[in-house]
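Participant: no sequence for this one, just the structure:
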């Protein structure tokens with residue numbers, strides 16, 4: 001009976017060794033469910049994205065400034081307006097009002113006339129924000145081709161896997 005037991009144990013050990021030899025150098029051990037496969041090709045995957053970069057753009061612009069009116073133009077215009085207003089009044093009672101109104105209108109006209117010919121020019125800096133768009137390539141992952149037990153597979157990963165990749169192994173009986 002003991003000999004029979006030894007023969008059964010030897011047969012079981014031989015079966016396990018045979019299963020391990022069939023798995024080859026993969027290193028798979030029944031129970032943990034993971035193994036490593038040899039990577040045959042890695043291709044980086046990129047995506048083009050538009051990047052907005054606002055920048056300030058400035059330039060010099062020539063600007064016209066009206067010159068200051070001379071006091072002489074205002075005074076002369078006021079005197080002429082007062083004289084016209086005084087002469088246009090027939091009655092004494094309305095003459096002062098017309099004289100003042102004429103003086104005011106004449107002063108305003110004289111001031112504008114004296115300003116009209118005097119313009120000075122200068123430069124001012126103008127700025128605006130301009131959006132500049134550039135296209136950049138962004139690495140999004142890797143297409144990884146690998147080989148496991150004589151079969152080829154393809155997957156996408158976030159990181160470069162190196163020369164081997166960890167795979168999940170699921171063995172189920174075939175009926």
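Facilitator: All right, it came through fine. These numbers come from a predicted model, not from an experiment. Numbering: from 1, shown residues only.

Participant: hey, where'd the helices end up in this protein?
Facilitator: 2-23, 71-88, 92-116 (DSSP state H).

Participant: where in the protein is pLDDT low?
Facilitator: 1-31, 67-108, 110-117 (pLDDT under 70).

Participant: where is the longest strand in the protein?
Facilitator: strand 34-66 (DSSP state E).

Participant: adjacent strands (with direction) for it?
Facilitator: Looking at strand 34-66 with DSSP bridges, its partner strands are strand 119-148 (antiparallel), strand 164-168 (antiparallel).

Participant: which ones are touching the residue nearest to residue 163 when sequence neighbours are not counted?
Facilitator: Distances taken as Cβ to Cβ, 6 or more residues apart in numbering put residue 39 closest to residue 163, at 5.4 Å, once the chain neighbours are dropped. In short, each C-beta sits where N, CA and C put it, glycine included. Shown in contact with residue 39 (Cβ atoms under 8 Å, 6 or more residues apart in numbering): 144, 145, 146, 161, 162, 163, 164, 165.

Participant: and these, which are buried?
Facilitator: 144, 146, 161, 165 (16 or more other Cβ atoms under 10 Å).

Participant: can you give me every residue that contacts the first one?
Facilitator: Contacts here follow Cβ under 8 Å, 6+ apart; on that basis residue 144 touches 39, 41, 42, 154, 155, 156, 157, 161, 165.

Participant: please apply the same query to the third one.
Facilitator: Contacts for residue 161 (Cβ under 8 Å, 6+ apart) come out as 39, 42, 142, 144, 146.

Participant: what residues are up against the third one?
Facilitator: Same thing as residue 142. Counted by Cβ under 8 Å, 6+ apart, residue 142 has contacts 42, 43, 44, 45, 156, 157, 158, 159, 160, 161.

Participant: ok, now the second one?
Facilitator: Residue 42 makes contact with 142, 143, 144, 145, 160, 161, according to Cβ under 8 Å, 6+ apart.

Participant: okay, and the beta partners of it?
Facilitator: With DSSP bridges as the rule, residue 42 is bridged to residue 144.

Participant: tell me how far it lies from residue 162.
Facilitator: Distance of residue 42 to residue 162, computed by Cβ to Cβ, to the nearest Å: 9 Å.

Participant: check the first one too.
Facilitator: Taking Cβ to Cβ as the criterion, residue 39 is separated from residue 162 by 7 Å.

Participant: the fourth one too?
Facilitator: With distances taken as Cβ to Cβ, residue 144 is found 10 Å from residue 162.

Participant: correct me if wrong: residue 119 contacts residue 63.
Facilitator: No. Between residue 119 and residue 63 there is no contact under Cβ atoms under 8 Å: 10.5 Å.

Participant: tell me if I'm right that residue 40 and residue 143 touch.
Facilitator: No. Shown here, residue 40 and residue 143 do not form a contact pair, counting by Cβ under 8 Å, at 11.5 Å.
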